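Visitor: pasted the sequence and its predicted model underneath.
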Amino acid sequence: MNHLFWGIIASTLAGLATGLGAIPVLFSSLHALSHRLKDELLGFAAGVMLAATAFSLLVPAIEQGGTWVTVAGVLSGAALLDLLDRIVPHEHFEKGKEGPASKLRKIWLFVLAITLHNFPEGLAVGVSFGSKNIADGITVAVAIGLQNIPEGLAVAVSLLGAGYSREKSFLYALLTGLVEPLGGILGVGLVSIMHAFLPFGLAFAAGAMLFVIGDEIIPETHHGPSARYSTYALLVGFVVMMGLDTVFG
């Protein structure tokens, strides 16, 4: 049960890192981020996610379950996120509304969009701890927490720029990260009950994260004149996480 406890704690802390990133909107004169800086922050987050997906999820999945189990898991995870993206109403700041029509307020559509983004991250942390290898779980949790910090700042400042108060911008940014413990509980619980599910579960979480990166984060950060800077920020995030994985993995 030790790994179950730490899986829940780690996914919670990783989710709370979104609120950590949003703290500057409460205590500074910050009113907005330049379009370029916001894209760079999210590009860095995408790079961290890519490295964590590759080295902490896909490599162990292939080693433990083989190529075809990994392929099936990746495609299944991506398919689930694609389905949720189609049936859950949500809205992005840049891409606009997606999913079916809804009467929900714009802020809740935005929160739902980030929730769809964050759930597979919590799932990845939970599945990693479900392997009972605490070191691997910590590596993934650190990766998710690290990329949540710039993401939380970008979300909070975007809400501030949309007219929300500093307090509400912070709280809504924090709220978007609190879905990660739910994903963590699901991931660590399933793998703990069915240990043979572990390779597929690692690949499933990887596929879900790859879908988010490819369908949402990269298009959101590569649609304007700052696209090249976003690409370099992604590369920096990737090599930073690659280094951390080498040290702690």
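Guide: Alright, I've got the coordinates. Residues are numbered from 1 along each chain as shown.

Visitor: poorly predicted segments of this protein, please.
Guide: Along the chain, segments meeting pLDDT under 70 span 1, 28-32, 93-96, 131-132, 248-249.

Visitor: Tyr164 is in what secondary structure piece?
Guide: Per DSSP states H and E, Tyr164 falls between elements, in no helix or strand.

Visitor: look up phi and psi at it.
Guide: phi -80, psi 150 (degrees, to the nearest 10).

Visitor: mind listing what it touches?
Guide: 107, 172 (CB atoms under 8 Å, 6 or more residues apart in numbering). Placement of C-beta: from N, CA and C, glycine included.

Visitor: ok, now the one 3 residues further on?
Guide: Going by CB under 8 Å, 6+ apart, Glu167 touches Leu26.

Visitor: now do Ala51
Guide: Counting by CB under 8 Å, 6+ apart, Ala51 has contacts 143, 237-242, 245.

Visitor: of the residues you listed, which is the nearest to Leu42?
Guide: Leu42 has its nearest neighbour among these in Gly237, at 9.6 Å by CB to CB.

Visitor: that closest one: neighbour count?
Guide: 27 (other CB atoms under 10 Å).

Visitor: could you look up the SS state of it?
Guide: helix (DSSP: H, G, I helix; E, B strand; the rest coil).

Visitor: Gly43 is in contact with that one, correct?
Guide: Yes. Taking contacts as CB atoms under 8 Å, Gly237 lies within contact range of Gly43: 6.9 Å.

Visitor: ranges for the helices of the chain?
Guide: With DSSP state H as the criterion, the chain has helices at 2-22, 24-27, 35-51, 59-65, 67-87, 106-130, 134-161, 166-177, 180-193, 198-212, 218-221, 227-248.

Visitor: rewinding a little: out of the contacts of Ala51, grab the one that's most surrounded.
Guide: Ala143 (30 neighbours).

Visitor: so which of the helices of the chain is nearest Glu98?
Guide: helix 67-87 (6.5 Å).

Visitor: which elements pack onto the closest one?
Guide: helix 59-65, helix 106-130, helix 198-212 (3 or more CB pairs under 8 Å, 6 or more residues apart in numbering; DSSP states H and E).

Visitor: between those helices, which gets nearest to His35?
Guide: Between those, helix 106-130 lies closest to His35; by CB to CB that is 17.5 Å.

Visitor: buried residues in stretch 8-22?
Guide: For stretch 8-22, a neighbour-count test (16 or more other CB atoms under 10 Å) marks 8, 10-22 as buried.

Visitor: ok, those residues vs Phe129, which is closest?
Guide: Looking across the buried residues of stretch 8-22 and measuring by CB to CB, the closest to Phe129 is Ala10, at 6.4 Å.

Visitor: any idea how far that closest one lies from Val69?
Guide: 25 Å (CB to CB, to the nearest Å).

Visitor: still on that earlier bit, redo the helices of the chain as a markdown table? Include distance to Glu98.
Guide: As requested, the helices of the chain are arranged in a markdown table below (distance: least, CB to CB, whole Å):
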| stretch | distance to Glu98 |
| --- | --- |
| helix 2-22 | 21 |
| helix 24-27 | 26 |
| helix 35-51 | 17 |
| helix 59-65 | 29 |
| helix 67-87 | 6 |
| helix 106-130 | 8 |
| helix 134-161 | 17 |
| helix 166-177 | 16 |
| helix 180-193 | 20 |
| helix 198-212 | 13 |
| helix 218-221 | 12 |
| helix 227-248 | 21 |
